[in-house]
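Pasted the sequence and its predicted model underneath.
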Amino acid sequence: MFKLAVVLLMVAVACNGFLLDGFFGDYLDRPDLLSDETVQDLTNYAVETMFMGSNPSLKNLEIVRVQTQIVRGENYKIDFTGEPVNGVSGQTTTCQVVINVGFNSVKSIVQSQCQTS
């Protein structure tokens with residue numbers, strides 16, 4: 001019986017890394033979420049929040065990459081591009097934002113950065 005318990009424990013430990021890889025702690029690429037409505041809403045929330053109180057805003061948003069991470073809720077790392085509303089024609093702003101959606105559905109921007117070229 002003891003040997004069976006040891007074998008089961010070893011299998012569980014070996015499978016833990018395989019089955020949960022990218023689930024807890026690591027970011028996991030999620031191309032299936034590129035056109036997801038929730039991700040689009042989170043991107044709009046990020047743009048509205050980041051540019052609140054200032055004139056520049058973005059239009060024609062395009063989500064380029066989505067990654068998720070399970071940690072005190074779910075983190076969404078979203079890479080997106082957009083055109084500055086009051087910018088020079090042909091300019092593009094590239095942004096990466098991390099938004100935490102808690103288990104209680106409260107959203108908060110954890111990290112954000114943008115660059116206009």
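Arrived safely, thanks for sending.

which stretches of the protein aren't confidently modelled?
Applying pLDDT under 70 to the chain picks out residues 1-24, 53-56.

Past the strand of greatest length in it, which element shows up next along the chain?
If you go by DSSP state E, the chain has its longest strand at strand 58-70. Counting by DSSP states H and E, the element after strand 58-70 in chain order, helix or strand, is strand 74-84.

for the protein, what spans make up the strands?
Under DSSP E, the chain gives strands at 28-29, 58-70, 74-84, 93-101, 107-116.

Neighbouring strands - and their directions - for the fourth one?
Same thing as strand 93-101. With DSSP bridges as the test, strand 93-101 is paired with strand 74-84 (antiparallel), strand 107-116 (antiparallel).

got the buried residues for the first one?
Looking back up the chat, that one is strand 74-84. Within strand 74-84, the residues scored as buried using 16 or more other Cβ atoms under 10 Å are 75-78, 80, 82-84. C-beta: built from backbone N, CA, C; applies to glycine.

next one: that strand to chain centre, how far?
Remark: strand 74-84 is offset 8 Å from the chain centroid, using Cα atoms, centre = their mean, to the nearest Å.

Any chance you could list what contacts that strand?
Strand 74-84 has contacts (Cβ atoms under 8 Å, 6 or more residues apart in numbering) with 27, 39, 42-43, 46-47, 56-69, 91-101, 110, 116.

what's the answer for the last one, then?
Contacts to strand 107-116, defined as Cβ under 8 Å, 6+ apart, come from residues 42, 45-46, 49-50, 75, 84, 87, 91-102.

That strand to strand 58-70, inter-axis angle?
Angle, strand 107-116 to strand 58-70, by axes from the mean of the first three to the mean of the last three Cα atoms, to 10 degrees: 130 degrees.

Check which residues of strand 107-116 are buried.
For strand 107-116, by 16+ other Cβ under 10 Å, it's residue 114.

Using PDB, write out the CA atom coordinates for that strand.
Extracted in PDB, the C-alpha atoms of strand 107-116 (Å, rounded to 0.1, in the frame of the first residue of the first chain):
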ATOM      1  CA  LYS A 107     -10.800  45.800 -13.100                       C
ATOM      2  CA  SER A 108      -7.500  47.700 -12.500                       C
ATOM      3  CA  ILE A 109      -4.600  48.600 -14.700                       C
ATOM      4  CA  VAL A 110      -1.500  47.100 -13.300                       C
ATOM      5  CA  GLN A 111       0.900  48.200 -16.000                       C
ATOM      6  CA  SER A 112       0.800  50.200 -19.200                       C
ATOM      7  CA  GLN A 113       3.100  51.600 -21.700                       C
ATOM      8  CA  CYS A 114       2.600  53.200 -25.100                       C
ATOM      9  CA  GLN A 115       4.900  54.500 -27.900                       C
ATOM     10  CA  THR A 116       3.800  56.700 -30.900                       C
END
